[in-house]
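Participant: Could you look at this predicted model? Sequence included:
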Amino acid sequence: MKKARPLRRRSVLAAGAAAGAAAIVSAPALLSADTYPSKPVRVVNAYSPGGTADVVCRLYCAALSLRLGQTFAVDNKPGAAGTLAAQIVARAPHDGYTLLYDATAHSVNPSLFAGRLPYDTQRDLLPVFLTMQTPNTLMRNSKFEAQTVAELIELARKKPGALDCASTGVGTVQHVSLELLNQRAGLRINHVPYKEFGTARNDLFAGRVPLQFSNVPGTVAVRSASEVTCMAHTGPKPVEVLAGVPAISEVLPGFETWEWNGLFAPAGTDPALIAKLNAELNEVIKVQATLQRLSELGALSRANTVAEFAAFREQQIAFFADITKTANIRIE
């Protein structure tokens, strides 16, 4: 019976944290959260330097470093669709000094690599804060004959299997956006996967591929270009940085896909420490300079709790599980 008591105590603490993390943070007995961080923190970024996820990650880490007096150092570990970085953090000590910065692939990979991940996403990685949530976009070469989603649907129905649309890889949220469009509108637009965003964008500009599902940050960067235009976005309401761009949901009600970034901690991390990080990150996005920079990038951010981010992750995992199964999206 003596060996069972610590397990029951940890279960009670975990349940208490889920019900009221803020109250736990204020408890004087939890000195680990009160004194954290006492040394530099490693933030393992699942993506390459220079991309939107990296820029946003570094923005948040720099702000945390200033607020908490210790360096939050970004360690880029791209590879294997984000699973390399996730595995590193899933196996790291659960002391708050190794964190994961991940994006939409986090919620796709459980279904894309069903049964083959070296960790359990939902069990081994705990949500901390949703740093960015932004719709995807549907880009068109300016010479492509369909200018609106309604015109695209009409054209694609007349020419099943004759139109191509690029994305940055099999199983990405952009690929899933295309498959959802095919399903919801009864179309057969071909998926053309690219390994690199830049190559796909170059082919879109040149007209070698007429369409590309992209994201808001990537679209904002080329809005002034005459070679391409943004046909639509996948959010439920207007996007401020894409003024005048309609939503696909205006033609296909309920159509919605998201690209997002977030911070995670290894399972077993003190819930009070996670709550502290969440509170600090919520303060970061109140700073006007930070909000302005995120807005310039097209990286939309909002206040969120640990519980809200956890619920969002579960919803996203379920959504991708359904669409990958229906569209038979697999990585061998």
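Facilitator: Structure received.
Participant: For the rest of this, base every contact and every neighbour count on C-alpha atoms.
Facilitator: OK.
Participant: partners of the longest strand seen in the chain in the sheet?
Facilitator: Longest among the strand segments of the chain by residue count, using DSSP state E, is strand 125-141. Using DSSP bridges, the strands paired with strand 125-141 are strand 211-215 (antiparallel), strand 228-233 (antiparallel), strand 258-266 (antiparallel).
Participant: For that strand, what does the pLDDT average out to?
Facilitator: Mean per-residue pLDDT for strand 125-141: 96.
Participant: Check the offset of that strand from the chain's centre.
Facilitator: Computed by C-alpha atoms, centre = their mean, to the nearest Å, the chain-centroid distance of strand 125-141 equals 4 Å.
Participant: before we move on, what about stretch 256-265?
Facilitator: On the basis of C-alpha atoms, centre = their mean, stretch 256-265 sits 3 Å off its chain's mean C-alpha point.
Participant: again, but for stretch 266-278
Facilitator: What separates the centre of stretch 266-278 from the centre of its chain is 20 Å, taken as C-alpha atoms, centre = their mean.
Participant: Next secondary structure element downstream of the longest strand of the chain?
Facilitator: helix 149-158 (DSSP states H and E).
Participant: on contacts alone, who are the packing partners of the helix or strand immediately after that next one in the chain?
Facilitator: Downstream of helix 149-158, the next assigned helix or strand under DSSP H and E is strand 164-167. If you count contacts as 3 or more C-alpha pairs under 8 Å, 6 or more residues apart in numbering; DSSP states H and E, strand 164-167 packs onto helix 173-185, strand 190-193, helix 197-206, strand 211-215.
Participant: Just put the ones you listed in CSV and tack on mean pLDDT.
Facilitator: Formatted as CSV, these follow (pLDDT from 0 to 100):
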stretch, mean pLDDT
helix 173-185, 95
strand 190-193, 96
helix 197-206, 93
strand 211-215, 95
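Participant: for those, which one ends up most surrounded?
Facilitator: Compared across the helices and strands packed on strand 164-167, strand 211-215 shows the largest average neighbour count, a mean of 27 (mean count of other C-alpha atoms under 10 Å).
Participant: Give me the distance between the residue lying closest to Leu277 once chain neighbours are set aside and Val222.
Facilitator: Leaving aside its chain neighbours, Leu277 sits nearest to Val128 (7.0 Å; criterion: C-alpha to C-alpha, 6 or more residues apart in numbering). Applying C-alpha to C-alpha, to the nearest Å, the value for Val128 to Val222 is 32 Å.
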